[in-house]
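A.B. asks: Sequence first, then the predicted structure:
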Amino acid sequence: MRPSAESAGAAPRILLVTASMDRHARELRAAFKARGAAVVVSGLADVGFDTAAAHGLVFPALGETLPDAVCVRTMDGGSFEAVTRRLSLLHALGKLGVLVSNDARAIENCVDKAMTSFLVAAAGLPTPRSWTVESRREAERIVASESHALVLKPLFGAQGKGLKLIGSVDDLPPQDEIAGGVYYLQRFIGHSTGGRWSDFRLLVSRGRVVAAMRREAACWITNIKQGAAAHPVEQDSALEELAVAATAAVGGDFCGVDLLKDASGRAHVLEVNSMPAWTGLKRASGLDIADLRARDLLAALAEKRQAAAENRTMATAFAPVLP
């Protein structure tokens, strides 16, 4: 049996999963420590399966001892086999009863834009129509049949990289430039005001919006990494409800939700990010996002422990009385 972190005075053990020790990871490590947690930082590439180990897993610095909770900041890139193994580690941790945030299923649902769009639409939420196909002929047919412009996105892309506006079949890049041979096309509903383009990023944590910003740029790509400016935004209950519902649709508990209002003012879900950065959000809101993240994850862990303790008490109370 692993040593229990629930004993009196024991600090909760947090495994902070990150592909690099960037500023966000450093802020998270400091925030967890400030709240009394013991933090181990590791990439999933360094965690191993070992069926002879106490729980079947081996961790840097923890050995065969399980963490109490896992905070996934970013995942290492790699081959299909490597990424599958790393996601399997998160699945395994969940099956072992470890709190994982976001868990493997939510990450899978968000990394794959096709699945995100499918789940958001299936939940009945407003989202631009999208198509995901592998056939060049089918992609051309879709573009030719649409009176609207479309956005071509890498299926696994992030930070606004690789986006292309498609107005006609001639705008489709050559086959060898299509990432992975998969065409993810989303109807373009953006519009500019005075030559400026904008959308919204809302950060959802534990079923509520904890921070929000409006992103503004001189072009239709409004990602902060692509040079967009971050502005504070007044509380908007309709946007917040949509962001919370989109997060629930993908099974997430800490997500950045990108929303865009069409020309009529109706908001649509563009994307849901299970490993959101917060440079712009921190600037626009003035909030310590890393501390919010640490606070909420530790609160979820405390609730999980309390529920486990109550279940043990109930099991003891109703256990058969032995002679």
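C.D. replies: In hand now; what should we look at?
A.B. asks: Now do the helices in the stretch 201-323 of the chain.
C.D. replies: In the stretch 201-323 of the chain, the helices defined using DSSP state H, counting those that start in this stretch lie at 237-250, 279-285, 289-317.
A.B. asks: Now mean neighbour count, distance to residue 38 and mean pLDDT too, for the ones you listed, in TSV please.
C.D. replies: No exception for glycine: its C-beta is placed from N, CA and C like everyone else's. As requested, the helices of the stretch 201-323 of the chain are exported to TSV (neighbours: other Cβ atoms under 10 Å; distance: least, Cβ to Cβ, whole Å; pLDDT from 0 to 100):
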stretch	mean neighbour count	distance to residue 38	mean pLDDT
helix 237-250	19	28	98
helix 279-285	19	25	94
helix 289-317	15	12	87
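A.B. asks: For residue 26, which of these is the nearest?
C.D. replies: helix 289-317 (8.7 Å; Cβ to Cβ).
A.B. asks: So which other helices or strands are in contact with the closest one?
C.D. replies: Judged by 3 or more Cβ pairs under 8 Å, 6 or more residues apart in numbering; DSSP states H and E, helix 289-317 is in contact with helix 23-34, strand 69-72, strand 99-101, strand 197-205, strand 208-217, strand 254-261.
A.B. asks: Turn the ones you listed into a markdown table, columns for mean neighbour count, distance to residue 141 and mean pLDDT.
C.D. replies: What follows is those, written out as a markdown table (neighbours: other Cβ under 10 Å; distance: least, Cβ to Cβ, whole Å; pLDDT from 0 to 100):
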| stretch | mean neighbour count | distance to residue 141 | mean pLDDT |
| --- | --- | --- | --- |
| helix 23-34 | 18 | 41 | 98 |
| strand 69-72 | 24 | 38 | 98 |
| strand 99-101 | 22 | 41 | 98 |
| strand 197-205 | 23 | 29 | 95 |
| strand 208-217 | 20 | 31 | 95 |
| strand 254-261 | 23 | 26 | 97 |
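A.B. asks: And those: which comes nearest residue 50?
C.D. replies: strand 69-72 (17.8 Å).
A.B. asks: just how off-centre is that closest one within its chain?
C.D. replies: Centroid separation for strand 69-72 versus its chain: 12 Å, with Cα atoms, centre = their mean, to the nearest Å.
A.B. asks: what's the following helix or strand after it?
C.D. replies: Next along the chain after strand 69-72, taking DSSP states H and E as the criterion, comes helix 80-95.
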